[in-house]
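1. give me a 3D structure for the following:
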Amino acid sequence: MTIDARGKACPQPVVLSLHALADLKEGEVLEVWVDNEAAVENLKRMAAQKGRSASVQQESDFWRVFIGEGAQDTVQSAPQPSCGCTVMGADAVVAVGTDVMGRGSDELGRALLKSFLYALAQLETPPRTLLFFNGGAKLTVEGSQSLEDLRELESRGTEILTCGTCLDYYGLKEKLAVGSITNMYRIAEILTQADRLVNL
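-> The predicted structure is shown next:
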């Protein structure tokens with residue numbers, strides 16, 4: 001089976017490969033084409049997580065990553081993927097207080113946060129709750145580029161809550177497009193009772 005993941009941003013090559021591995025028949029090898037070294041490394045790490053071998057063949061302008069059945073020691077020792085593709089756990093709470101991820105370029109930060117929410121929607125076990133407040137409230141309203149991923153998470157049982165005061169502040173209360181409105185007491189309650197908390 002071959003996947004052409006050239007031109008696809010992290011974590012899409014890993015996610016596409018994970019889905020393909022579920023359909024792979026015994027003895028088959030998955031071949032993934034990617035056009036950047038970060039994707040190659042992420043695929044090798046994912047293979048290690050799944051106890052599979054990974055080998056790489058470089059072409060003139062892309063790489064072929066072959067993922068097979070048996071694990072290789074050199075791949076097994078690699079760290080986990082850096083793009084958020086591991087299982088988070090059903091009791092996790094993700095608090096999103098901004099519409100960018102990290103510091104530096106806001107344009108890059110928006111792209112990273114969109115990619116992160118996409119990755120969450122692809123996890124085997126999605127988080128229990130997503131909390132959106134302050135600038136993060138902009139992600140749950142009409143026009144947000146993350147609505148499809150948030151709706152996918154909601155359909156899989158993730159509770160999506162947005163701060164009502166924040167929506168009011170930005171004039172967005174009537175544009176809420178996914179999840180429901182909450183208050184700071186409920187946000188405090190969820191944050192202080194969370195078994196696992198991811199704060200953005």
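2. for the nearest residue to V141 once chain neighbours are set aside, what are its contacts?
-> Leaving aside its chain neighbours, V141 sits nearest to K175 (4.2 Å; criterion: CB to CB, 6 or more residues apart in numbering). Backbone N, C-alpha and C define where each C-beta goes, glycine included. K175 sits next to V141, E142, G143 when contact means CB atoms under 8 Å, 6 or more residues apart in numbering.
3. counting neighbours, what do you get for the last one?
-> Pointing back at G143 there. 9 (other CB atoms under 10 Å).
4. can you pull the contacts of it?
-> Counted by CB under 8 Å, 6+ apart, G143 has contacts K175.
5. sticking with it, tell me its helix or strand.
-> Under DSSP states H and E, no helix or strand contains G143.
6. who are the contact partners of D4?
-> By CB under 8 Å, 6+ apart, D4 lies in contact with W33.
7. let's see 10 Å
-> P13, L16, E31, V32, W33, V34, D35, F62 (CB atoms under 10 Å, 6 or more residues apart in numbering).
8. what is the nearest of the residues you listed to A111?
-> When the contacts of D4 are ranked by distance to A111 (CB to CB), P13 comes first, at 15.9 Å.
9. so the nearest residue to E26 once chain neighbours are set aside is in which element?
-> Distances taken as CB to CB, 6+ apart put E69 closest to E26, at 7.6 Å, once the chain neighbours are dropped. Assigned by DSSP H and E, E69 belongs to no helix or strand.
10. what residues are up against E69?
-> Going by CB under 10 Å, 6+ apart, E69 touches L24, E26, G27, E28, V29, G51, R52, S53.
11. buried members of these into PyMOL, please.
-> Selecting the buried subset of the contacts of E69 in PyMOL, with 16 or more other CB atoms under 10 Å as the burial test, is done by:
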select buried, resi 24+52+53
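12. secondary structure and distance to N42 added to the contacts of E69, as CSV?
-> Listed next are these as CSV, based on DSSP: H, G, I helix; E, B strand; the rest coil; distance: CB to CB, whole Å:
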residue, secondary structure, distance to N42
L24, coil, 18
E26, coil, 25
G27, coil, 25
E28, coil, 21
V29, coil, 18
G51, coil, 17
R52, coil, 14
S53, coil, 16
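13. make sure R151 is indeed in a strand.
-> No - under DSSP: H, G, I helix; E, B strand; the rest coil, R151 sits outside any strand and is assigned helix.
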